[in-house]
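>>> Below: sequence and its predicted model.
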Protein chains: 2
Amino acid sequence: MSGTPPPTAAVLVIGDEILSGRTQDTNLATIARFLAPFGIDLAEARFVPDLEAEIVAAVNALRARYAYVFTTGGIGPTHDDITADAIGAAFGVPVEHHPEAMALLAARYQPGDFNERRQRMARFPKGGTLIKNPVSVAPGFQIGNVFVLAGVPKIMQAMLEDVAPRLTRSVPVTTRSITVALAEGTIAEPLAAIQAAHPAVSIGSYPFFGQREGSTAIARAAGGTTLVVRGREEAQVAAAADKILSLVREFGVNPS
Amino acid sequence: MSGTPPPTAAVLVIGDEILSGRTQDTNLATIARFLAPFGIDLAEARFVPDLEAEIVAAVNALRARYAYVFTTGGIGPTHDDITADAIGAAFGVPVEHHPEAMALLAARYQPGDFNERRQRMARFPKGGTLIKNPVSVAPGFQIGNVFVLAGVPKIMQAMLEDVAPRLTRSVPVTTRSITVALAEGTIAEPLAAIQAAHPAVSIGSYPFFGQREGSTAIARAAGGTTLVVRGREEAQVAAAADKILSLVREFGVNPS
């Protein structure tokens, strides 16, 4: 790898419903895939409950360390939506009704329905800028390097569209995946040698068990391994992947 | 709430494949649901890449703070499986081949196939005890309050069976869920009052959008809210849930 290091990001998933196992998080993977074409590496994630002190500690740890922090959850109108106040506390700034957010929300509801609780969804930490919500209007916000997004997956995903132009781009990671009907222990030793010879890439080995859908030899096999080569220099990724292809063919299997 | 505080746990998900978005984690929710009947609260989760310093820092932060730590991933035979060494470094102890793990693995493979790389799967930090793997033999281990489990979901889940007898039981959380075809902003104000009047429970409000499967009024509605009451005192949970039921009926909707 050469040049300046790529920007890094962290995700902070906020909500009792995730840690209780009630709700399966999908936002982490969505954000990781969203960041990939920008060349931004997702370097860490934390999941915390709806407790202000926990959110404050996590936000401050992550925003000091990574170029970007994405939070999900806790920006609705109910008593358990405490993310705006917690982010304000983390930055040491007051939380105020944001005029643009108030106008957007006021236009959405019938006059009598825009109650005090719904107006809370327009409260941002001082200095925060609005992140548009094309699904259900109630906005997210950015303050410093922290992007505060909704927890509902389709709303969170839609908000990322308004985040995209604010991010610094870097060289994206190139990925090559090779799936073989071989146990990973069978090829682990020569695979380690290929990794050692190609320090500019990272080679991941991911076993799977049981048959897969489809009619190929790999789908019919009882299990196998997917080998993933990742790196920012395409030629290096290709060179390592070619060595892996040669290796698995020595074992008499055809990769897919 | 009365008596001693319930034990807490944290999950540490280890692996580049999760943070890159390649693989959707499901182990966090599985562990949360596994812990619920033991009365153990999952209080935090962290996701880190396959980097020893990151694993060491996260394990040491979590094991100092919570009663139990569950790690997933990185215990296979390949070069990117570094969890055992990282846990050894976190505890400041050497990592050694464990006789019982060696015997189990030796019995699984044909003599020529039990190579040095596969023998690495029997390496535990000194003082570690074996966690059985009824799916694919290669074991996990426990050291102190840290349980080191596989990343493959069905293996991870099977290992939890051997973890269960090692956990201290507490009073489980009782949960009541009430789903209504009402926007959460409509009931947010009286809901906050119910929460304030019932500090022994936590009330979560989770909106959903779009129609659901089924033929009830709620399934046919364009959206709604699920209200979840959680607490360790059943009478308190029931009292808060009854107030929520009365509240939503005032709005003329039938909960499910």
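Looks like it arrived, so ask away. Numbers count the residues shown, from 1 in each chain, chains lettered A, B, ... in the order given.
>>> helices and strands of chain A: which one bottoms out on pLDDT?
Across the helices and strands of chain A, the lowest-confidence element by mean pLDDT, DSSP states H and E is helix A:217-220, at a mean of 64.
>>> What sits closest to residue A:189 if chain neighbours are left out?
Of all residues not flanking residue A:189 in the chain, residue B:117 sits nearest, at 5.1 Å (Cβ to Cβ, 6 or more residues apart in numbering or on different chains). In short, each C-beta sits where N, CA and C put it, glycine included.
>>> what sits up against whichever helix or strand the one you found is part of?
Using DSSP states H and E, residue B:117 sits in helix B:116-119. The contact list for helix B:116-119 (Cβ atoms under 8 Å, 6 or more residues apart in numbering or on different chains) reads A:185, A:188, A:189, A:192, B:77, B:78, B:97, B:102, B:105, B:109.
>>> are any of these buried, and which?
Among the contacts of helix B:116-119, those buried by neighbour count (16 or more other Cβ atoms under 10 Å in any protein chain shown) are A:185, A:188, A:192, B:77, B:78, B:105.
>>> In space, what's closest to the second one - neighbours in sequence excluded?
Taking Cβ to Cβ, 6+ apart as the measure, residue A:188 lies nearest to residue B:117, with 3.6 Å between them; neighbours along the chain are not counted.
>>> now that neighbour: how far from residue B:81?
Here residue B:117 is placed at a distance of 9 Å from residue B:81 (Cβ to Cβ, to the nearest Å).
>>> Residue ranges in the stretch 1-150 of chain A under the pLDDT threshold?
By pLDDT under 70, the weakly predicted segments of the stretch 1-150 of chain A are A:1-3.
>>> ok, now with 80
Residues of the stretch 1-150 of chain A that meet the criterion pLDDT under 80 lie in A:1-4.
>>> what are the ranges of the helices in it?
A:16-19, A:27-35, A:52-65, A:83-91, A:99-108, A:116-119 (DSSP state H, counting those that start in this stretch).
>>> Let's have those in TSV, adding distance to residue A:210.
Shown next, in TSV, are the helices of the stretch 1-150 of chain A (distance: least, Cβ to Cβ, whole Å):
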stretch	distance to residue A:210
helix A:16-19	28
helix A:27-35	22
helix A:52-65	37
helix A:83-91	40
helix A:99-108	48
helix A:116-119	48
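>>> Tell me how far the lengthiest helix in chain A lies from the chain's centre.
When chain A is parsed with DSSP state H, its longest helix is helix A:234-250. Remark: helix A:234-250 is offset 28 Å from the chain centroid, using Cα atoms, centre = their mean, to the nearest Å.
>>> Tell me which other helices or strands it touches.
Contact partners of helix A:234-250 among helices and strands, from 3 or more Cβ pairs under 8 Å, 6 or more residues apart in numbering or on different chains; DSSP states H and E: strand A:174-180, helix A:184-197, strand A:223-231.
>>> hey, which of those is tucked in deepest?
strand A:223-231 (a mean of 23; mean count of other Cβ atoms under 10 Å in any protein chain shown).
>>> Give me the contact list for that one.
If you take Cβ under 8 Å, 6+ apart as the criterion, strand A:223-231 is touched by A:1, A:173-184, A:187, A:191, A:200-210, A:218, A:237, A:240-241, A:244, B:16-17, B:20, B:22.
>>> just stretch A:122-129 next, same as before
A:84-85, A:87-88, A:91, A:93-98, A:101-102, A:104-105, A:130, A:139, A:141-144, A:148.
>>> For that stretch, measure first residue to last.
Terminal residues of stretch A:122-129 lie 11 Å apart, using Cα to Cα, to the nearest Å.
>>> And that stretch, what's buried?
Judged by neighbour count using 16+ other Cβ under 10 Å, the buried positions of stretch A:122-129 are A:122, A:123, A:124, A:125, A:128.
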